[in-house]
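**Student:** One predicted model, sequence on top.
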Amino acid sequence: MQLGKVPRLRLGEYPTPLSELARLSAHLGGPRIFVKREDLVGIALGGNKVRKLEYALAEAKELGATAIVTSGAVQSNHVRLTIACANRLGLRTFVVLRGEKPATPTGNLLLDHLLGAAEIHWVDPRGYASREELVRATEARAEELAEELRRRGEVPYVIPNGCKPLHSALAYAGCVLEVLEQMRAMNLAPDAIVTACGTAGTQTGLVLGSLLFAQGQIRVVGVSVSGRAESLKERIWKNLEEALRFLELDLKIPGGLIEVYDEYVGPGYALPTPGMKEAVELLARMEGILLDPVYTGKAMAGLLDLVRRRTFGKGETVVFLHTGGVPALFADTQAPTFFPAP
Ligand SMILES: Cc1ncc(COP(=O)(O)O)c(C=O)c1O
C-alpha cells in the first residue's frame, strides 16, 4: 500500500510470516502469542529497517541521489540493511560508525564489509560524556561526509539512523494492516502488538496503524532498549502528530495508546541482562526462533514479564514483532553472554 501517496519501492518479500508460538503460549498459560517475522523479510538477514528503507530509498531515487550516507553503532542493523537495500538499487553507501574500530570485524560489521560499504568512517567514543553526545557527533560527521561527497561530484542522500520518523510511521502503519489481513484469514484479531523501541519509529507506525485500521483498539506495547519511557512517549506523540498532519487526518490520539516500558533496558544500550538471556534462550529452545541480544531479546524479556504480571488477559491474542537484529548474536561483544569463556 502507498499510505498518503508517498513514493515507496518494494524491496522485501511480503507479507512476512505470522506464526503462532504455541509452545511458548502453553508454557506461560496464555495469552495466545504470535510472532510477526520481520526478520524473514528477505534481504541480508532482515529486520524492521527494510520497510522503512523502501520509503527512504524511494525518496533518494526521486531526488536523483548517486550515493547514500548513513550512520549508526558498530553493530548497527540499520547500517547493514541500508547497504544491502541500496545495493539492490545500484547505489553505494558511505557509512559513519560510532565506536572503536575492532581488529577483526564480527556480526553486523562483518556483513557491512561483505555487502561492500563504499567507505566506513569512525567516530571514537572517547571524549564524549554521554551516549547522546556521541550519537549527535556521529550524525554531524555523516552530514560532513555528505558535504565532502558533494564536493566530489556526488549527489548524496543522508538516511538518519532508524530512518525519518515519517517514513517509519508509514512503514509500520502498513505492517499493522498486513497483520490484520493475516489474522482475519485465521478468523482472529490482534489485541496487542509488542515491539522493541529504539528510536521509536516502529512503535509510532504501529500506533498509527492501530488508529487508522483498528480505531485504536489494538494495544501497542513498546519495550525500550535504551531511552527513558517518558522521553520516548513524547517522541512518539510528536512523530504521530507529524504523521497525522502529513496525512491530513484530524484524529484524536488516546493518551493510553502510547505505552512504553523502560525497566528492561538494564545497565544500558546493548548491555546484557539476565531477562534478555532467559528470553533469547527460551525462544531458541522452545520455538527454534533466534532473537537478538540488543533489541528483540530485551523486548521478549519485557513481554514475558508483562505476561507474568498478568497485564494481558489469558484469552487475548498478542503479536510479538520480531524486528530482526540476529547478526548481533555473532558479535564478539555479545557472543560471550551465551557461551562464557571457561
Ligand atoms: C533489530 C532492531 N529492532 C528494533 C529496533 C528499534 O526500532 P526503532 O528504532 O524503530 O524503534 C532496531 C533499531 O535499530 C533494530 O535494529
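**Tutor:** Alright, I've got the coordinates. Numbering: from 1, shown residues only.
**Student:** what's the burial count for the nearest residue to E62 once chain neighbours are set aside?
**Tutor:** The shortest distance from E62 to any non-neighbouring residue, by CB to CB, 6 or more residues apart in numbering, is to P7 (5.9 Å). (Each C-beta comes from the backbone N, C-alpha and C, glycine too.) Neighbours of P7 under the rule other CB atoms under 10 Å: 12.
**Student:** let's number from 36 now, not from 1
**Tutor:** Got it, the first residue is 36 from now on, which makes the last one we talked about P42.
**Student:** In contact with P42, which residues?
**Tutor:** 90, 93-94, 96-97 (CB atoms under 8 Å, 6 or more residues apart in numbering).
**Student:** one more time with 10 Å, if that's ok
**Tutor:** Residues near P42 by CB atoms under 10 Å, 6 or more residues apart in numbering: 89-90, 92-94, 96-97.
**Student:** can you check L247 too?
**Tutor:** Per CB under 10 Å, 6+ apart, neighbours of L247: 38, 208-209, 211-212, 278-279, 282, 284, 286.
**Student:** let's go with 7 Å and repeat that
**Tutor:** A208 (CB atoms under 7 Å, 6 or more residues apart in numbering).
**Student:** What of the one 10 residues further on?
**Tutor:** Listed by CB under 7 Å, 6+ apart, the contact partners of G257 are 230, 232, 238, 267, 294-295.
**Student:** can you pull up the bridge partners for it?
**Tutor:** T230, V295 (DSSP bridges).
**Student:** ok, so of the contacts of G257, who is nearest Y163?
**Tutor:** L267 (21.5 Å; CB to CB).
**Student:** I'd say that closest one and C232 touch.
**Tutor:** Yes. Using CB atoms under 7 Å, L267 is in contact with C232, at 5.8 Å.
**Student:** anything in contact with each of these two?
**Tutor:** Common neighbours of L267 and C232 (CB under 7 Å, 6+ apart) are 257, 259, 295.
**Student:** before we move on, back to that, can you give me the pLDDT of the residue nearest to E97?
**Tutor:** What the model reports for P42 is a pLDDT of 94.
**Student:** Quickly note the distance from it to the ligand.
**Tutor:** 20 Å (CB to the nearest ligand atom, to the nearest Å).
**Student:** Make sure I have this right: that residue is in a strand.
**Tutor:** No. Secondary structure of P42 (DSSP: H, G, I helix; E, B strand; the rest coil): coil, not part of a strand.
**Student:** how far away is it from E89?
**Tutor:** 9 Å (CB to CB, to the nearest Å).
**Student:** With R270 instead?
**Tutor:** R270 is 22 Å from E89, by CB to CB.
**Student:** Filter the contacts of P42 down to the buried ones.
**Tutor:** Among the contacts of P42, those classed as buried by 16 or more other CB atoms under 10 Å are 89-90, 92-94.
**Student:** what ranges do the strands span in the stretch 186-335 of the chain?
**Tutor:** 191-194, 227-232, 254-259, 294-296 (DSSP state E, counting those that start in this stretch).
**Student:** closest one to the ligand among those?
**Tutor:** Evaluated with CB to the nearest ligand atom, these place strand 227-232 nearest to the ligand, the distance being 4.0 Å.
**Student:** Need the winner for burial among the strands of the stretch 186-335 of the chain.
**Tutor:** strand 227-232 (a mean of 28; mean count of other CB atoms under 10 Å).
**Student:** export that one as PDB, just CAs?
**Tutor:** What follows is strand 227-232, C-alpha atoms only, in PDB (Å, rounded to 0.1, in the frame of the first residue of the first chain):
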ATOM      1  CA  ALA A 227      -1.900  -6.200  21.300                       C
ATOM      2  CA  ILE A 228       1.300  -5.800  19.400                       C
ATOM      3  CA  VAL A 229       4.600  -5.800  21.300                       C
ATOM      4  CA  THR A 230       7.800  -4.300  19.900                       C
ATOM      5  CA  ALA A 231      11.300  -3.200  20.800                       C
ATOM      6  CA  CYS A 232      11.500   0.600  21.000                       C
END
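**Student:** gap between that strand and the chain center?
**Tutor:** 10 Å (CA atoms, centre = their mean, to the nearest Å).
**Student:** who does it touch, helix- and strand-wise?
**Tutor:** On a contact count with 3 or more CB pairs under 7 Å, 6 or more residues apart in numbering; DSSP states H and E, strand 227-232 meets helix 236-249, strand 254-259, helix 331-343, strand 352-357.
**Student:** so which of the ones you listed comes closest to G64?
**Tutor:** Across those, closest to G64 is helix 331-343 (CB to CB), at 8.6 Å.
**Student:** any idea of the mean pLDDT in stretch 301-309?
**Tutor:** For stretch 301-309, the per-residue pLDDT averages 96.
**Student:** Pull out the buried residues from it.
**Tutor:** Of the residues in stretch 301-309, those buried (16+ other CB under 10 Å) are 301, 304-308.
**Student:** now stretch 126-142
**Tutor:** Within stretch 126-142, judged by 16+ other CB under 10 Å, the buried ones are 126-134, 140-142.
**Student:** repeat for stretch 202-218
**Tutor:** For stretch 202-218, by 16+ other CB under 10 Å, it's 202-215, 217-218.
**Student:** quick check, nearest of those residues to A334?
**Tutor:** Y207 (14.3 Å).
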